[in-house]
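Participant: pasting the sequence and the predicted coordinates here, then a few questions.
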Amino acid sequence: MTNENVDAANQPVVPPNEGPASKESDTRYYMRFSVPQRYLHGILAITFVGLALTGLPLRFSNTRVAQGFASAVGGFGTILFFHLFNAVVMSLVFLAHLANVAYRVVARKEYGLLWGPNSMIPRLKDIQDFFGNLRWFLFLGPKPKFDRYAYWDKFDYWAVFWGMAIIGFSGYAMWFAPFFARFIPGSWLNIALLIHGEEALLAVGFIFTIHFFNTHLRPGNFPMDPAIFSGRLTEKELQHKHPEEYKRLVESGELEKIRVAAPPVWLRNFGWVFGTALILGGFVLIALTVVAFVKE
């Protein structure tokens, strides 16, 4: 049983609703993300924005905006302190995620995390869905039926995974330069500085454009997909966005096991406020980055 199912089992069971089937599908909710997953994502989102907010002024320290920001918060030393603080918290989130995956695979034998419809590892169907989507865009075929994770979900996941490793290692190499200098040539630390800065800019550009579009701004989700905040999808959303997963759950009799109560009003409002703040903040930071590049 996955974490999602464990969380779902602890939720109150909602009795079937009466009325037309279309209305019922909007009032029946199913668990998509567990509470720990949502907490980790929330911390990851906050620390990423924190790293972008502190890293960009360090990268473009010669600009007026960066210098004005530094003066307002107590100098570039203060900015660096909060940059390192966010880096440590994000690293702990990354390690917690790896530990959770290892525990579920080794101890709980959830081998489906490594391969199959519930895995983030790309498979043949993702390639087929990608080209099927291109044909659909060009009105040359039907829209592919996606499973639990579409190919863009996996692309987003592995882009972040790769970035965490590269940016993290290069950042810690600079932070603890005397230690790493025992094992690598000193010139490599200059390369680490270059890699850290360029990969960080790539991550900022990717998250605040591609990831935001894939997750929130694409048709069907616009202006936001609140599932990552509430952890729930309605039956209608599950059928429309993940038809292959819905079909599999119905055929296996697992669908009702992940049924949960509707998200409380406060959680819905929190998701919209928190998500809107992140999206707008991301747009501001990407705009400032572009301006800094132009004036550099």
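Facilitator: Done, it's in. Bear in mind the structure is a predicted one, so any value in this text is a computation, not a measurement. Residues are numbered from 1 along each chain as shown.
Participant: Trp136 and Pro144 touch, don't they?
Facilitator: Yes. Taking Cβ atoms under 8 Å as the definition, Trp136 is a contact partner of Pro144 at 6.9 Å. For glycine as for every other residue, the C-beta is placed from the backbone atoms N, C-alpha and C.
Participant: compare those two (neighbour count), which wins?
Facilitator: Neighbour count, other Cβ atoms under 10 Å: between Trp136 and Pro144, Pro144 has more, with 21 against 14.
Participant: quick one: contacts for the more buried one?
Facilitator: Gln128, Asp129, Gly132, Asn133, Trp136 (Cβ atoms under 8 Å, 6 or more residues apart in numbering).
Participant: show me where this structure has its strands.
Facilitator: For the chain, the strands defined by DSSP state E occupy 29-31, 232-234, 259-260.
Participant: what helices or strands is the second one leaning on?
Facilitator: For strand 232-234, the helices and strands in contact under the criterion 3 or more Cβ pairs under 8 Å, 6 or more residues apart in numbering; DSSP states H and E are helix 21-27, strand 29-31.
Participant: mean pLDDT for these: which is lowest?
Facilitator: Lowest mean pLDDT within the helices and strands packed on strand 232-234: helix 21-27, a mean of 62.
Participant: so for His97, what's the pLDDT?
Facilitator: Reading off the model, His97 has pLDDT 92.
Participant: skip the chain neighbours and tell me the closest residue to it.
Facilitator: Leaving aside its chain neighbours, His97 sits nearest to Leu40 (6.2 Å; criterion: Cβ to Cβ, 6 or more residues apart in numbering).
Participant: so that neighbour touches Leu95, yeah?
Facilitator: No. Using Cβ under 8 Å, Leu40 makes no contact with Leu95, being 10.8 Å away.
Participant: which of those two has more neighbours?
Facilitator: Leu40 (18 against 10).
Participant: how much space between that one and Val273?
Facilitator: According to Cβ to Cβ, to the nearest Å, Leu40 and Val273 sit 20 Å apart.
Participant: please identify which of the contacts of Pro144 is nearest to Ala165.
Facilitator: Distance to Ala165, by Cβ to Cβ, is smallest for Asp129 among the contacts of Pro144, at 26.4 Å.
Participant: quick check: chain neighbours aside, which residue is closest to that closest one?
Facilitator: Per Cβ to Cβ, 6+ apart, closest to Asp129 is Pro144, 4.3 Å.
Participant: now the one you found: how far from Phe130?
Facilitator: From Pro144 over to Phe130 the distance is 8 Å, taken as Cβ to Cβ.
Participant: what about Glu198, neighbour count?
Facilitator: 14.
Participant: what score does it have for pLDDT?
Facilitator: 90.
Participant: before we move on, the earlier item: which one, of the strands of the chain, ends up nearest to Pro243?
Facilitator: Closest of the strands of the chain to Pro243 is strand 232-234, at 12.3 Å (criterion: Cβ to Cβ).
Participant: ok, back up a step: buried subset of the contacts of Pro144 as a PyMOL selection?
Facilitator: What follows is the PyMOL syntax selecting those of the contacts of Pro144 that are buried according to 16 or more other Cβ atoms under 10 Å:
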select buried, resi 129+132+133
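Participant: how close does Ala287 sit to Asn100?
Facilitator: For Ala287 relative to Asn100 (Cβ to Cβ), the value is 35 Å.
Participant: looking at those two, which is more packed in?
Facilitator: Regarding Ala287 and Asn100, a neighbour count based on other Cβ under 10 Å identifies Asn100 as having more, with 16 against 11.
Participant: distance check, the more buried one against Thr209.
Facilitator: 28 Å.
Participant: just Ala150 next, same as before
Facilitator: Ala150 is 18 Å from Thr209, by Cβ to Cβ.
Participant: what's the local residue count around Ala227?
Facilitator: Neighbours of Ala227 (other Cβ under 10 Å): 21.
Participant: quick check, it in contact with Leu233.
Facilitator: Yes. Contact criterion Cβ under 8 Å: Ala227 and Leu233 qualify, at 5.5 Å.
Participant: re earlier: higher neighbour count, Ala150 and Thr209?
Facilitator: Comparing Ala150 with Thr209 by neighbour count (other Cβ under 10 Å), the higher total belongs to Ala150, at 18 against 14.
Participant: that one contacts Gly132, doesn't it?
Facilitator: No. When contacts are counted by Cβ under 8 Å, Ala150 is not listed as touching Gly132 (11.0 Å).
Participant: what's Phe169 in contact with, if anything?
Facilitator: By Cβ under 8 Å, 6+ apart, the neighbours of Phe169 are Ala192.
Participant: nothing else from me, thank you.
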